[in-house]
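Visitor: Quick one: sequence plus predicted model below, questions after.
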Amino acid sequence: MERRKAVGSILMGAAAAAVTAPLARAADKEIEILTEHWKKSKALTLKMAEAMPAENYDYKPFPEARAFGAELQHLGEAEGFYLGRLGKNGRAPAAPQGDITKATTIQYLTALYDWSIGAVGQLTAADLTANFGAGGRGAPAAGLELLYQAMIHTAHTRGYGEMYLRNKGVTPPTYDV
């Protein structure tokens, strides 16, 4: 009887491995796709940052708006907040305080996106469904939700930046999908 249980256990283990291995490979592929998305997001954001002339980094389309450089740094801060909740790749680079110049903003965004790509690349399948604390801001959220929040915030903030560029007669760069 013990032999039958042992064989049954082996068969159950083999069946579980046969089911789990493709799921793990699928999750690895998903994380690879997400990492590639962040690389494309970095490229587009830096193209946008490069497109604006340095003398227009303090441009505001209306008095209550952030200046262009501040808007791009805000994009980076939010990215650091959302992805920082995942607890991967250490702390996000801090935004420069009081310096929204082109050179400083591009340097910050480059470091921030390198950190972000590293954080996303360290995710596991379990991280996508695990809940992460809010660090005192907002409710806990699943890893995949935090990724979506970061993506959505970045996209809409970059959209603002494109309007700043157009207001200054600069054609925004196109997104490479």
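Guide: Thanks, I have the structure now.

Visitor: count of residues packed around the residue nearest to Ala111 when sequence neighbours are not counted?
Guide: The spatial neighbour of Ala111 that comes closest, neighbours along the chain excluded (C-beta to C-beta, 6 or more residues apart in numbering), is Pro93 at 4.4 Å. Quick note: C-beta positions are derived from backbone N, CA and C, even for glycine. Counted with other C-beta atoms under 10 Å, the neighbours of Pro93 add up to 19.

Visitor: give me phi/psi at Ala111?
Guide: Main-chain dihedrals, Ala111, degrees, to the nearest 10: phi -60, psi -40.

Visitor: That one and Gly90, how far apart?
Guide: In this view, Ala111 and Gly90 are 12 Å apart by C-beta to C-beta, to the nearest Å.

Visitor: Which one's more surrounded, the two?
Guide: Ranked by neighbour count (other C-beta under 10 Å), Ala111 and Gly90 place Ala111 first, with 14 against 10.

Visitor: looking at it, the more buried one is touching Ala94, isn't it?
Guide: No - look at Ala111 against Ala94 with C-beta atoms under 8 Å: they stay out of range, at 9.6 Å.

Visitor: Can you pull out the low-pLDDT segments for the chain?
Guide: Along the chain, the model assigns pLDDT under 70 to residues 1-27, 135-136, 177.

Visitor: Could I get the full set of strands for it?
Guide: Along the chain, counting by DSSP state E, strands occupy 131-132, 141-142.

Visitor: which outside residues touch the last one?
Guide: With contact meaning C-beta atoms under 8 Å, 6 or more residues apart in numbering, strand 141-142 is reached by Arg85, Leu128, Thr129, Ala130, Asn131, Phe132, Ala134, Gln149.

Visitor: Looking at these, which are in helices?
Guide: Per DSSP state H, helices hold the following members of the contacts of strand 141-142: Leu128, Thr129, Gln149.

Visitor: before we move on, the earlier item: mean neighbour count and distance to Pro53 added to the strands of the chain, as CSV?
Guide: Rendered in CSV, the data for the strands of the chain read as follows (neighbours: other C-beta atoms under 10 Å; distance: least, C-beta to C-beta, whole Å):
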stretch, mean neighbour count, distance to Pro53
strand 131-132, 14, 39
strand 141-142, 16, 38
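
Visitor: Find the nearest non-adjacent residue to Leu109, please.
Guide: Using C-beta to C-beta, 6+ apart and skipping the chain neighbours, the partner closest in space to Leu109 is Gly76 (5.5 Å).

Visitor: One more: Lys39?
Guide: Closest residue to Lys39 apart from its sequence neighbours, by C-beta to C-beta, 6+ apart: Ile117 at 6.0 Å.
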